[in-house]
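1. Sharing a model that was predicted from the sequence below.
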Amino acid sequence: MIPSAPIRRVHGSIHWVLAVGACLTARAQLPTSDLRTISPPAARVGETIEARINGTNLDDLRELRFTHPGITAKQRMLPKSGFLGRALPDVGKFDLTIASNVPPGVYEVRAAGYFGLSTGRPFVVVPSDSVEVKETGKNFERETAMPIEIGTVVSGTTASRGIDWYRFTADAGERLMVQCFAERIDSKVDGMLVLYNANGRELDRNRQQFGRDPCLDVLVEEGGDYYLALSDILFRGSSGDYFYRLQVTRKPHIDFIWPPMGEAGKKSQFRIYGRNLPGGTLSDGLKIDGKPLEHVDVSIEMPTEEITPMRFHPGQPRQGMIRGYDYRHAGSEPWRIGFASAAVLFEKREVEVQSIQVPVEIAGRFDRGNETDRYRFQAKKGVTYWIESVADRMAADIDAAVVVRRVDKGTTEIAEFDDPVSYFSKDGLDAINFDTSDAFGSFTPAEHGEFEVEIRNQFGSAGTALIYRLAIREAAHDFDLIASTERPLPTNRTGYSVTPLLRRNARWAIRMIVPRRDGFEGEIVVTATGLPEGVRANPLRLHGTTDTGMLVLAADDKAKDWAGEIDIVGRATINGKRVTRTARFSSLIWGHIFSDSIRVRSRLAERVPLGVNEHEQAVVVIKSSKRKYTVEEGAKLEIPITITEDGTRTGNLTISPDGLFGLHRSPPTVNIAQGKTEGTLSIDFKNRSSHEVKPGTYQFTLQGVGVSKYRANVPAANRLGADRRAIRKIVEDLTAKVDEAKSALASAEQTYKQAKQSAETATADDKASVAKRAESAKDALDSARASEKELSDKLSRARKQQAIVDKLAKSAAAKAVSKNTKFAAWSDPISVTVTRKAK
């Protein structure tokens, strides 16, 4: 099932060749596979359906991979023609089977082919008894509204400048949840729902209830027919990217759980707030958008291991990374209960200032406009207290700010905390959003005393569901691990998702985001496991406060074709214990020309994908003379560089440091001219706004950017070219045989005609012999006709096969033509130790 928590504030050909339009910027780089859509986006447990996919660079598809082994796909093939000795694939079509043991939920699918694994897309598995229907496509007006039953889920697409109309019948007293799932399943639809009664009066409308997905809570006052109007807010559509699933249901829905966290391994009481909750009662005065909430009390035992659930999450990466337990109530969508870092305490709404004892984690709510909540406690001299709010990461519409004051000797402001430092690079060359508006910070009292922590929502908004967690504790060191890749050569604020693909001898740098908790400064070693033969990972070592870096994967000259998932893990020693964290992968949902637009979305993926291509070589291999360097603050570091290449590079190769912590923008570069193989990169370690230099050890890689005379998928062009020549020869031979057969048929027809005429005029003495000759001529004619028909039918089939092969071969040949194509290459990691300037 799909989480119903709001997703907010996003910063945020097959061929054989399945080609769809794409931005030129996205095409101008070495190709990787991009899966855009799978249709239909859902299937029932236990059924087999025909599924279609589309995307770019999905050459030589071998299979579809799902994150559950019980979901399998078999490629559909065209009927065997007998001309090529093999069947050709029915491009983009698969028979998809959902095993009976697959739990309903949202999984990810990727396509595996020549260019490795594609980007991932969600695929919804629904219960076997789910009523699934397709939009009729004729429901563009109220008068032709498509009738649906309550409990039905409709798969549809929005029409350009159109509205999809639906009609359902409801009984008085019913409570129905009407949801449009679009953004949550990677659709481009920004939906709006409007509800009308049978007389055409508007009763309700909604948009952006769960991210950009609308939802209506329908309290039926009068039985009868009701009409739904569903559209994109900008009336976009008419393409496969604008799909949705419309659900009208009586199923339970969870809005939030109170408290929103629990202690690991403990059984506690929780109150579930929502709609249509079995056994639920109305909650006094608690409403969302004017609709009353129900509640039910349950006892839940939290798991002992504090981990991030390994499942699909449609929210921003930091929202998906929250460690917790995904709880369902009577078949509802899941709601994540977080792990508390200390004893749980409830906000007391009746007091202006609440006295607490630390460590503590408070469950609170902003249900009054411009509300501030204040908590007081006794703090000890010299003890560092860490304060962390969790609200944005629970998808609550809260931008928290925290103020710390000393209050026992007058009132003195000690500290103010807001958003943590952004992970967006200052040069604007990345688009995946790893940020949060939750507040973090620490303070250390100079003496014993009473202190107050105030938390407020800077948006000033209020609401029943605007809940927060506020932790006050001594340091509880830990870290999270997020991996990401984007197209490595962004220009003009473009942002595109990409799956790592290693060509032979190539390196690929995966950006690692490692949020450290409570000032943890221990060494974190990041590496990859589950790698295929011929691929190695160069460990990434993060020291001190460093919380970003590049994990470099490298393929050797014997690496074989491979497409699969790997594990990226980070290890550290915390309080004398070895701690291991497993990374989640993150990606952009859709490529955008303006990657710093609010329309750009990013989310976590369930697995870390990797592809290897044995048919192509790295354009260049970059090597530094050493792997470890030492430099003094204020000095320059000279790095001698050599390159080897495959001979396709044209123009300069521009090399710069990539992933050097503290280097924010304007990195130094060195150009290696075409035909040259050496250069020296000079990095100035003088502290300035573009490069914050602090003593410590840092790891980075060298990135080279250039242009190659690249030929895409030459093996396919060669293979299909040979097929094209073979089928052409077959057609030529068959054409000649058909011509011969037609000539023989004409001759047989003439012979039979003459024999028949002779039989008609023969004398009585000759009649028997002439009739026998006529019968023989008729047999010969029948044989000639059969032979001509057989050969003509065979020629017709061959020409149809030729048309298919010609189309595929032309497309493959066009892709394989040498074109100027941008590429990026990386070196193995380099370590530099920055020492203090000698006095």
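-> Perfect, I can see it now.

2. What is the longest helix along the chain packed up against?
-> Counting residues, the longest helix in the chain under DSSP state H turns out to be helix 767-816. Other helices and strands packing on helix 767-816, by 3 or more Cβ pairs under 8 Å, 6 or more residues apart in numbering; DSSP states H and E, are helix 714-761. Glycine gets a C-beta too; all of them are placed from N, C-alpha and C.

3. ok and the helix it packs on relative to helix 767-816, angle-wise?
-> Following axes from the mean of the first three to the mean of the last three Cα atoms, to 10 degrees, one obtains 160 degrees for the angle between helix 714-761 and helix 767-816.

4. what's the span of stretch 507-524, first residue to last?
-> With Cα to Cα, to the nearest Å as the measure, the ends of stretch 507-524 fall 22 Å from one another.

5. in that stretch, what's buried?
-> Of the residues in stretch 507-524, those scored as buried under the neighbour-count criterion (16 or more other Cβ atoms under 10 Å) are 507-518, 520, 524.

6. State the pair within those that is farthest apart.
-> Taking Cβ to Cβ as the measure, the buried residues of stretch 507-524 reach their widest spread between 507 and 518, a distance of 34.2 Å.

7. Give me the below-cutoff pLDDT ranges for the stretch 351-500 of the chain.
-> Applying pLDDT under 70 to the stretch 351-500 of the chain flags residues 426-428, 490-493.

8. gap between residue 335 and residue 258?
-> Remark: distance between residue 335 and residue 258 (Cβ to Cβ, to the nearest Å) = 11 Å.

9. cool, and residue 154?
-> Taking Cβ to Cβ as the measure, residue 154 and residue 258 are separated by 33 Å.

10. the more surrounded of these two?
-> Comparing residue 154 with residue 258 by other Cβ atoms under 10 Å, the one with more neighbours is residue 154, at 23 against 17.

11. what's downstream of the longest helix of the chain, the next helix or strand?
-> Scanning forward in sequence from helix 767-816 by DSSP states H and E, the next helix or strand is strand 819-826.

12. Show me what that following strand is packed up against.
-> Based on contacts counted as 3+ Cβ pairs under 8 Å, 6+ apart, the elements that strand 819-826 packs against are strand 507-513, strand 620-624, strand 696-710.

13. Tell me the buried residues in that strand?
-> Buried residues in strand 819-826, counted by 16+ other Cβ under 10 Å: 821-826.

14. quick revisit: hey, which of the helices and strands packed on strand 819-826 is tucked in deepest?
-> Taking mean count of other Cβ atoms under 10 Å as the contact definition, the stretch among the helices and strands packed on strand 819-826 with the greatest mean neighbour count is strand 507-513, which reaches a mean of 23.

15. any residues touching that strand, and which ones?
-> Contact with strand 507-513 is made by 317, 423, 430, 434, 481-486, 500-502, 526, 540, 542, 547-555, 568, 570, 583, 586, 618, 621-622, 658-659, 701, 703, 825-828, as judged by Cβ atoms under 8 Å, 6 or more residues apart in numbering.

16. So what are the sheet partners of it and their directions?
-> For strand 507-513, sheet partners with direction are given as strand 482-484 (antiparallel), strand 548-555 (antiparallel), following DSSP bridges.

17. Could you tell me which residues touch both of residue 335 and residue 258?
-> By Cβ under 8 Å, 6+ apart, residue 335 and residue 258 have these common neighbours: residue 272.

18. any weak-confidence spans in this protein?
-> Counting by pLDDT under 70, the chain contains low-confidence residues at 1-28, 426-428, 490-493, 593-599.

19. Please enumerate the strands of the stretch 1-150 of the chain.
-> Counting by DSSP state E, counting those that start in this stretch, the stretch 1-150 of the chain has strands at residues 34-39, 42-44, 48-56, 63-66, 71-77, 89-98, 105-113, 116-117, 121-126, 131-134, 146-147.

20. just so I know, which of those lies nearest residue 353?
-> Taking Cβ to Cβ, strand 105-113 is the member of the strands of the stretch 1-150 of the chain nearest to residue 353, at 43.7 Å.

21. Domain boundaries for the protein, per the record?
-> Under automatic domain parsing, the residue ranges defining each domain of the chain are 24-126, 131-249, 253-339, 344-475, 477-616, 619-709, 714-817.

22. Tell me which of the ones you listed lies nearest to residue 838.
-> Comparison of the domains of the chain against residue 838 by Cβ to Cβ identifies domain 619-709 as nearest, at 6.9 Å.

23. Show the end-to-end separation of that closest one, please.
-> According to Cα to Cα, domain 619-709 extends 9 Å from its N-terminal end residue to its C-terminal end residue.

24. Would you enumerate the residues in contact with residue 626?
-> Residue 626 makes contacts with residue 830, as judged by Cβ under 8 Å, 6+ apart.

25. Surely it is within a helix?
-> No. The assignment for residue 626 is coil, going by DSSP: H, G, I helix; E, B strand; the rest coil, so no helix is present there.

26. What values do phi and psi take at it?
-> Note on residue 626: its backbone torsions stand at phi -140, psi 160 [degrees, to the nearest 10].

27. What ranges does this structure have for its helices?
-> If you assign secondary structure with DSSP H, the helices in the chain sit at 24-27, 317-320, 714-761, 767-816.

28. Would you mind giving those helices as TSV with distance to residue 330 added?
-> Conversion of the helices of the chain to TSV gives the following (distance: least, Cβ to Cβ, whole Å):
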stretch	distance to residue 330
helix 24-27	44
helix 317-320	24
helix 714-761	52
helix 767-816	51
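
29. just those: most buried one?
-> Of all those, helix 317-320 carries the top mean neighbour count, a mean of 24, counting by mean count of other Cβ under 10 Å.

30. and that helix, what other elements does it pack with?
-> Counting contacts by 3+ Cβ pairs under 8 Å, 6+ apart, helix 317-320 packs against strand 584-588, strand 602-605.

31. between the helices of the chain, which one is nearest to residue 640?
-> With Cβ to Cβ as the yardstick, what comes closest out of those is helix 24-27 (33.4 Å).

32. residues near residue 692, how many?
-> The burial metric for residue 692, expressed as a neighbour count using other Cβ under 10 Å, is 11.

33. now do residue 817
-> As a burial measure, residue 817 scores 10 neighbours (other Cβ under 10 Å).

34. if you skip the residues just before and after it, what's nearest to it?
-> Nearest residue to residue 817 in three dimensions, chain neighbours excluded: residue 711, at 6.9 Å (Cβ to Cβ, 6 or more residues apart in numbering).

35. Let me know the distance separating that neighbour from residue 96.
-> When distances are taken as Cβ to Cβ, residue 711 and residue 96 turn out to be 34 Å apart.

36. before we move on, the earlier item: let me have the domains of the chain in a markdown table, extended by distance to residue 833.
-> Formatted as a markdown table, the entries for the domains of the chain read as follows, by distance: least, Cβ to Cβ, whole Å:
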| stretch | distance to residue 833 |
| --- | --- |
| domain 24-126 | 34 |
| domain 131-249 | 44 |
| domain 253-339 | 31 |
| domain 344-475 | 23 |
| domain 477-616 | 9 |
| domain 619-709 | 5 |
| domain 714-817 | 45 |
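
37. circling back: so which of the helices of the chain comes closest to residue 162?
-> Taking Cβ to Cβ, helix 24-27 is the member of the helices of the chain nearest to residue 162, at 28.2 Å.

38. give the contact list for residue 740.
-> Residues in contact with residue 740 (Cβ under 8 Å, 6+ apart): none are found.

39. Over to residue 470?
-> With Cβ under 8 Å, 6+ apart as the criterion, the residues that contact residue 470 are 361-362, 364, 373, 375, 387-390, 402, 453, 455.

40. Going by distance to residue 71, which of those residues wins?
-> Within the contacts of residue 470, distances to residue 71 taken as Cβ to Cβ reach their minimum at residue 390, with 33.4 Å.

41. Could I get the buried residue list for stretch 277-296?
-> Of the residues in stretch 277-296, those buried by neighbour count under the rule 16+ other Cβ under 10 Å are 277, 280, 283, 288, 293-296.

42. Widest-spaced pair of the residues you listed?
-> The largest distance within the buried residues of stretch 277-296, taken as Cβ to Cβ, falls between 288 and 296 and amounts to 16.3 Å.
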